[in-house]
Structures are given as structure tokens and as C-alpha cells.
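Enquirer: What follows is a predicted protein model with its sequence.
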Amino acid sequence: MANTSIKRFYKQVATTPDDQGAGWRIHLDGRAVKTPGKADFVLRNQRLADAIATEWDAQVEHIVPSTMPIMQLAATAIDRVAPNRAVVIAELTGYGRSDLLCYRAQYPDDLIRRQNDHWQPLLDWAMSEFSISLNVTQGVMPVGQEDASLLAIQDVIEPLDDHELAALHTLITVSGSVIVGLAVFHRRLTADQAFEISQIDETYAIENWGEDAEATARREKLRHELLAADRFLALLRD
């Protein structure tokens, strides 16, 4: 969905079972919603459909897509992930080559400790749970990763369905870490915890040098994206 607004053109929002039993649909004044790509917008369960219907119903004078994150994720799964699964899987697997958790500060000591205390347990979890072993370095020079580790990441991601991949894509790209994304997906972390862990460097800088309004807005946007992806996953599962 483009992040632009158009005038609200409907009065009633309703959810109904699909005539073919494929899932649930959303109707605006009796007309079925389509994706931005004009595909059929069929949802797997009523809870997900109801959540998206609530987003449509909450629009006032104009429809503002940025206020409809669950709709955006569901549409992304249909329009972008489904026809490009291999590309999406390769992109997310590739985050293992430059995972945030693998790049540690060289100084000061209190930042080094903070990173190690929060990041290393996640790398240990990934190794124990999925046999994903990522190399760690200090500084910003690239560190190589073993092909076996990247294949292990791919093996975890590949079985996910299109909707799960859409959510995981947000979790990984927003946090900058495939390990953090998988930790939220597998309920090792909450979305709020993932935000705090992925923002350790930024938070440390703010504590020492302050924060401007633009940075505050950016951080809040990232946090809301993580929360939306986590909620989307919960709706898929319930």
C-alpha cells in the first residue's frame, strides 16, 4: 500500500467467510477488498480479518495506509512475498552475513559489556536451537560467515508461509538482525525487547549526547513496525 491518503469512500465495513471456504474476506459497503496489486484479499482466519476490518473502520475523512499496518503486512504477503518467495528468503538469509549482533564496539567498556550481555545470549540461543553459528568481531570491518551457518538460517526460514515471511521480513530488516527477527518469531523475545536490543548503540549515544526530534521520531517508527509485525504473527497463530 502506498503511504498516501485518499478520501474515505465507504460507510460500512464487514468481515465474511469466503464463498469457496478459502478463508475470510473484508467488504466495504458490500464490495470485497482487493490488495493494492488487485489480487484477491483472502485472510486465513476471522481474528486477522477482524483486526484489518477495524483498521478500515478507524479511518475518518481520509484513508491513511500508514495507520493500517496489519492490512499492509497482509497485502505485502500476497502482492510481494508470494510471487517472490525465493528472492525474499535469499534476502533474509543474507542478513546473516552482516548481522547486527556480530559487530561489537571496540570501546568504551560499558558499551562493550552492554552489547555482550544482551547480544551474546541470542547468538548462543541460535546455535543451540538451530545450529546457527555466527562469527563475531569488534569494529566495522566485515567478518566472514561460514556457508553452513547461512544454510542453517535458510533452513529455518524456508518452511515459513507467505504471511509469516512478510512478518519476519519486517522483524529482520527493522532490527538489522536475522537472529533478533527469529527470536521474536519463535517467542524468545518480545517486540519491545527486540527494539531495545537492536537499539543498544543508539540508546547509548542518546544517554551520553542526547537525542534530537528527528531521531526520536525515527526510533518510534521502528518500534511501531516491530510491534505491528509481532501482532500480525499473533493474529496468524490464534
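Expert: Cool, the structure landed. The structure displayed is predicted, hence computed values, not measured ones.
Enquirer: Helix, strand, or coil at the closest residue to Gly37 other than its chain neighbours?
Expert: Using Cβ to Cβ, 6 or more residues apart in numbering and skipping residues adjacent in sequence, the residue nearest Gly37 is Asp79, 3.8 Å away. For glycine as for every other residue, the C-beta is placed from the backbone atoms N, C-alpha and C. Assigned with DSSP: H, G, I helix; E, B strand; the rest coil, Asp79 falls in the helix class.
Enquirer: ok now do Asp79, which residues does it touch?
Expert: Shown in contact with Asp79 (Cβ atoms under 8 Å, 6 or more residues apart in numbering): 35-37, 39.
Enquirer: So for the host helix or strand of Asp124, what gets flagged as buried?
Expert: For Asp124, the element it lies in under DSSP states H and E is helix 109-130. Of the residues in helix 109-130, 111, 114-115, 119, 122-123, 125-126, 130 count as buried by neighbour count, 16 or more other Cβ atoms under 10 Å.
Enquirer: Just put those residues in a markdown table and tack on pLDDT and distance to Asp147.
Expert: Below are the buried residues of helix 109-130 laid out as a markdown table (pLDDT from 0 to 100; distance: Cβ to Cβ, whole Å):
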| residue | pLDDT | distance to Asp147 |
| --- | --- | --- |
| Leu111 | 98 | 31 |
| Arg114 | 98 | 31 |
| Gln115 | 98 | 26 |
| Trp119 | 98 | 23 |
| Leu122 | 98 | 21 |
| Leu123 | 98 | 18 |
| Trp125 | 98 | 21 |
| Ala126 | 98 | 16 |
| Phe130 | 98 | 15 |
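Enquirer: can you redo the residues you listed as CSV with distance to Met71?
Expert: Supplementary listing: the buried residues of helix 109-130 in CSV, determined by distance: Cβ to Cβ, whole Å:
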residue, distance to Met71
Leu111, 39
Arg114, 37
Gln115, 36
Trp119, 33
Leu122, 31
Leu123, 35
Trp125, 32
Ala126, 32
Phe130, 31
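Enquirer: give me the low-pLDDT residue ranges for this structure?
Expert: Residue ranges of the chain with pLDDT under 70: 1-5, 238.
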